[in-house]
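Enquirer: Give me coordinates for this.
(2 chains)
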Amino acid sequence: MQSKWDIGEPEKPTINSETEQLKSDLLTLNMGPQHPATHGVLRLEIWTDSEIVAHAIPHLGYLHRCMEKHAENLDYRGVIPFVDRLDYLAAMNMEWTYVAAVEKMLGTEVPRRAELIRILVAELNRIASHMMAFGTYAIDLGAFTPFLYAFDEREKILRLFEEVSGARLLYNYIWIGGVWNDWTDEQLERVANFCDVMEEEIKKYNELVSMNKIFIERTANVGVVSIEDCFAYGATGPILRGSGMKWDLRKNMPYGLYSEFDFDIPVGSSEVAGQAGDCWNRYMVRMNEVNESVKIIRQVIQKMEPGPVMGKVSKIIKLPKGEVYVRHECPRGELGVHLISDGGKTPYRLKVKSPCFTHVSMLPHIAPGQMIADLVATVGSIDIVLGEVDR
Amino acid sequence: MSTNHHQTGSVKDYFADLFSGISTTVIGMWITFKYVWAVKPVSIEYPEVREVLPERARMRLFNDVQNCISCTQCAMACPVDCIYIASEKRPEGEEIKKTSNGQPIRLKLTQFTIDTALCCYCGLCTVVCPTECLTHSHDYEFSQYTIDTMKYDYLAPDVIAWRDRIVKS
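Expert: Numbers count the residues shown, from 1 in each chain, chains lettered A, B, ... in the order given. All right, here's what the predicted structure looks like:
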């Protein structure tokens, strides 16, 4: 008996009568590994029938760095630079997930100021990551200018991060027990000013790109992922929310101090354009999430209180025997860290459940029947980072 | 599965589509056009103008060997093992020097090499350094033709000469 989630063999694309006369064998095309639309080194093997995609097979592993195995030979502090390099566009979120897993096993108390700073940097990094997604998505669809505007805003965030942590992308800022450096009042004021600018910018981006007729025609009703498919593949993050499911770990299973904050979960719908689960709605969820992040950042700055930023952690960290699984809401979905310890100085096993890997595995299901140009729009709208897919 | 066909049945729909296409494009073009005079350029013309790096910026590592006590804590903290340290016992009767913060230098440092090509600039080594002699400098222009030349021996006289340029106090 066929189960509910079994999608079976990919269907042959429907071909209209005109192309029926030209029908021949399927043509194999390689999209990537060096292709601007694949956002890294993803290779998509596409079998095309004229302009229509019949199969799309993702080939992974071009950025595999063996991070999980390598972590087994490092002390718990030394793993942090490596988890940075998973999703290099949202390294703060990656660090926080790993550090939360270690802290949960260690039972460390994190000072309140450090917890607030963690939320601040995670949300700022979420904005930076979504700006990158927005800019490159516009490039995929043929608009170059929004990319430059988005990078201008992203640059302000990276500059702040460079001042507090010393690096622009791979921060090593969130440490076991707290954060490395404290934020000054002047920097927090700049973040508050940045929030005002960002809200105006988002309005501008919506006018420039989101509501543009050409953009809507390119993305609305393209690459539709139904909510059942999302459950079947285990999609999370903007993909799941874009399909209409109101699920956000920050709200549904709050970690850190997120339960104290007031924000909404944007979901996709067919109200403005397209239908729930299409490229436009996935894109729009990200744009609305930036607004929600700005809301959270404002509340963080209000709640900020003086205090230490580093808790008490022994110099050599030894975790008790056992295992822990921690998942956090990262810009691209739920990142899970499964950490097993045998009581030594190094992790016995570190398994990372990457949201991007899940989303890439959905491509063979979404792609058949699309035009090649729509496939580019679909790949862009699921917003993958290959560092996280391959690890 | 996802073919997108706009059902434009009537003439009215056709012109409504046309109008929204033109109007939204004009709005977008107006936003871009404002950048011609209303927004100042944000980019820096790099080789001529250089950005001032923040205080904590993590660039090339520098070890002030006069203050190094060869404790090898940096080499142990390094996640990529790019620091090579060797030291030997001082011969009998030799005067034991002290670092600038008063710690005695008991061992004689014979090698302190960092493979900059391997370094991941995480900053973990600078945090554990007890005498704060290993620091991240603000040098970021050090490209080389061969990868061997990325290994810096901090006991070499030409590298020690950086000290005047890098160490502030």
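Enquirer: Can you tell me, leaving aside adjacent residues, what's nearest to the residue most central in space within chain B?
Expert: The centroid of chain B falls nearest to B:Met59 when counting by Cα atoms, centre = their mean (3.6 Å). Leaving aside its sequence neighbours, B:Met59 sits nearest to B:Tyr140 (Cβ to Cβ, 6 or more residues apart in numbering or on different chains; 4.6 Å). C-betas here are computed from N, CA, C, even on glycine.
Enquirer: what number of residues lie near the one you found?
Expert: Neighbourhood size, B:Tyr140 [other Cβ atoms under 10 Å in any protein chain shown]: 13.
Enquirer: now do A:Arg241
Expert: Number of residues near A:Arg241 (other Cβ under 10 Å) recorded here: 26.
Enquirer: Which residues of the stretch 1-150 of chain A lie near chain B?
Expert: By the rule Cβ under 8 Å from any Cβ of the partner chain, the part of the stretch 1-150 of chain A lying against chain B is A:11, A:74-75, A:77-82, A:84, A:145.
Enquirer: mind running it again at 10 Å?
Expert: Along the stretch 1-150 of chain A, the residues adjacent to chain B under the rule Cβ under 10 Å from any Cβ of the partner chain are A:10-11, A:13-14, A:52, A:70-71, A:73-75, A:77-82, A:84-85, A:143, A:145-146, A:148-149.
Enquirer: and A:Phe134, what are its phi and psi?
Expert: When read as degrees, to the nearest 10, the backbone of A:Phe134 gives phi -60, psi -50.
Enquirer: pretty sure it is in contact with A:Pro238, am I right?
Expert: No. Taking Cβ atoms under 10 Å as the definition, A:Phe134 is not a contact partner of A:Pro238, at 11.6 Å.
Enquirer: And these two? Which one has more around it.
Expert: Set A:Phe134 next to A:Pro238 and count neighbours by other Cβ under 10 Å: A:Pro238 wins out with 29 against 25.
Enquirer: quick one, what contacts that one?
Expert: Neighbour list for A:Pro238: A:130, A:133, A:266-268, A:281-286, A:288-289, A:331-333, A:355, A:359, A:381-383 [criterion: Cβ atoms under 10 Å, 6 or more residues apart in numbering or on different chains].
Enquirer: ditto for A:Ala273
Expert: Applying Cβ under 10 Å, 6+ apart, the residues near A:Ala273 are A:210-211, A:213, A:215-217, A:219-221, A:280-281, A:284.
Enquirer: Remind me what the host helix or strand of A:Pro146 packs against, helices and strands.
Expert: Per DSSP states H and E, A:Pro146 falls inside helix A:145-165. Secondary-structure packing of helix A:145-165 (3 or more Cβ pairs under 10 Å, 6 or more residues apart in numbering or on different chains; DSSP states H and E): helix A:91-106, helix A:112-140, helix A:185-205, helix B:11-34.
Enquirer: Now do the buried residues in the longest one.
Expert: I take that to be helix A:112-140. Buried residues in helix A:112-140, counting neighbours by 16 or more other Cβ atoms under 10 Å in any protein chain shown, are found at A:113-140.
Enquirer: That one vs helix A:91-106, what angle?
Expert: 140 degrees (axes from the mean of the first three to the mean of the last three Cα atoms, to 10 degrees).
Enquirer: Could I get the average pLDDT for helix A:112-140?
Expert: In this model, helix A:112-140 has a mean pLDDT of 90.
Enquirer: One more: the third one?
Expert: For helix A:185-205, mean pLDDT rounds to 90.
Enquirer: does any part of that helix sit near chain B?
Expert: Yes. Helix A:185-205 is in contact with chain B by Cβ under 10 Å from any Cβ, via A:204-205.
Enquirer: Beyond that helix, next helix or strand please.
Expert: Downstream of helix A:185-205, the next assigned helix or strand under DSSP H and E is helix A:213-219.
Enquirer: Now that next one: buried residues?
Expert: In helix A:213-219, counting by 16+ other Cβ under 10 Å, buried: A:213, A:215-219.
Enquirer: Tell me where chain A has strands.
Expert: A:27-31, A:43-49, A:52-59, A:174-175, A:178-179, A:322-330, A:333-341, A:349-353 (DSSP state E).
Enquirer: and the ones you listed as a markdown table, adding distance to B:Thr126, mean pLDDT and mean neighbour count?
Expert: Shown next, in a markdown table, are the strands of chain A (distance: least, Cβ to Cβ, whole Å; pLDDT from 0 to 100; neighbours: other Cβ atoms under 10 Å in any protein chain shown):
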| stretch | distance to B:Thr126 | mean pLDDT | mean neighbour count |
| --- | --- | --- | --- |
| strand A:27-31 | 43 | 84 | 13 |
| strand A:43-49 | 39 | 85 | 20 |
| strand A:52-59 | 40 | 86 | 20 |
| strand A:174-175 | 14 | 90 | 25 |
| strand A:178-179 | 16 | 88 | 26 |
| strand A:322-330 | 28 | 90 | 19 |
| strand A:333-341 | 26 | 90 | 22 |
| strand A:349-353 | 25 | 90 | 18 |
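Enquirer: now those as a markdown table including distance to B:Val127?
Expert: Compiled in a markdown table, the strands of chain A are given as follows (distance: least, Cβ to Cβ, whole Å):
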| stretch | distance to B:Val127 |
| --- | --- |
| strand A:27-31 | 44 |
| strand A:43-49 | 40 |
| strand A:52-59 | 40 |
| strand A:174-175 | 9 |
| strand A:178-179 | 13 |
| strand A:322-330 | 25 |
| strand A:333-341 | 23 |
| strand A:349-353 | 22 |
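Enquirer: Nearest to B:Asp158, out of these?
Expert: Nearest of the strands of chain A to B:Asp158, taken as Cβ to Cβ: strand A:174-175 at 35.6 Å.
Enquirer: that's a strand at the residue nearest to the centre of chain B, yeah?
Expert: No. The assignment for B:Met59, made by DSSP: H, G, I helix; E, B strand; the rest coil, is coil rather than a strand.
Enquirer: Now do the contacts for it.
Expert: Neighbouring residues of B:Met59 by Cβ under 10 Å, 6+ apart: A:166-167, B:53, B:121, B:136-142.
Enquirer: ok, those residues vs B:Thr25, which is closest?
Expert: A:Ala167 (40.1 Å).
Enquirer: ok, now how distant is the closest one from B:His136?
Expert: Distance of A:Ala167 to B:His136, computed by Cβ to Cβ, to the nearest Å: 10 Å.
Enquirer: For the nearest residue to A:Gln299 once chain neighbours are set aside, which residues are in contact?
Expert: Once flanking residues are discounted, A:Gln299 sits nearest to A:Phe261: 5.3 Å by Cβ to Cβ, 6+ apart. For A:Phe261, the contact set (Cβ under 10 Å, 6+ apart) comprises A:119, A:123, A:250-251, A:254, A:292, A:295-300, A:303.
Enquirer: Select from those residues the one having the most neighbours.
Expert: A:Glu123 (28 neighbours).
Enquirer: In helices only, show me the contacts of A:Pro238.
Expert: Judged by DSSP state H, the contacts of A:Pro238 include A:130, A:133, A:281-286, A:288-289, A:355, A:359, A:381-382 as members of helices.
Enquirer: re the thing from before, what subset of the residues of the stretch 1-150 of chain A next to chain B is buried?
Expert: Judged by 16+ other Cβ under 10 Å, buried ones among the residues of the stretch 1-150 of chain A next to chain B: A:10, A:13, A:52, A:70-71, A:74-75, A:77-82, A:84-85, A:143, A:145-146, A:149.
Enquirer: Would you confirm that A:Asp25 contacts A:Asp49?
Expert: Yes. Counting by Cβ under 10 Å, A:Asp25 touches A:Asp49, with 9.0 Å between them.
Enquirer: dump the residue contacts of A:Met310.
Expert: In this structure, A:Met310 makes contact with A:110-111, A:113-114, A:175-182, judged by Cβ under 10 Å, 6+ apart.
Enquirer: Identify, by residue count, the longest strand of chain B.
Expert: Counting by DSSP E, the longest strand found in chain B is strand B:107-115.
Enquirer: Quick one: mean pLDDT over it.
Expert: On average, the pLDDT along strand B:107-115 is 85.
Enquirer: can that strand be found next to chain A?
Expert: No. Strand B:107-115 does not reach chain A (Cβ under 10 Å from any Cβ); its nearest approach is 15.6 Å.
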